[in-house]
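Asker: build me a model from this:
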Amino acid sequence: MSADPSAPRRHIATLREGPLHAALKAWYQQPGDETEVPVDGRQIDIVRGNLLVEIQTAGIGSIRGKLERLVRDHPVRLVLPVPVARWIVRVGGLRLTGAIEAVGTEGNAVLYVAST
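Answerer: This next block holds a predicted model:
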């Protein structure tokens, strides 16, 4: 599946994606994949042949409607990172919390940090 060359390429989705989402997309992408392709009125993270790959780093419920629509006509793979460890670090009165997100089988990982 390839994007319609006459259709304008919108990359609004890349402006709103966080660093974890961007890192997972870069890690998961293979040569020949297309990114941020409009399919059935939805922006798709990665299109690999006829397979649509969606990466979700927020709550799973927020992508439900999109997936319900897409799976009717396309094979879809959902990439959902699962934390393998949680930690809290206090530095000079700041409290930082985060999770180590597993993104590979060879020890590759992305550190996701959120301050509170």
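Asker: and the residue nearest to Tyr28 when sequence neighbours are not counted, what does it touch?
Answerer: With Cβ to Cβ, 6 or more residues apart in numbering as the measure, Val79 is the residue that lies nearest to Tyr28, at 6.0 Å, once sequence neighbours are left out. For the C-beta atoms, the positions are set from N, CA and C on the backbone; glycine is no exception. Contacts for Val79 (Cβ atoms under 8 Å, 6 or more residues apart in numbering) come out as 24, 28, 53-56.
Asker: and those residues, which is closest to Glu68?
Answerer: Closest approach to Glu68 among these (Cβ to Cβ): Glu54, at 12.1 Å.
Asker: mind listing the residues bridging to the residue nearest to Tyr28?
Answerer: Ile55 (DSSP bridges).
Asker: do the same with Pro38
Answerer: Applying DSSP bridges, one finds that Pro38 bridges with Gln43.
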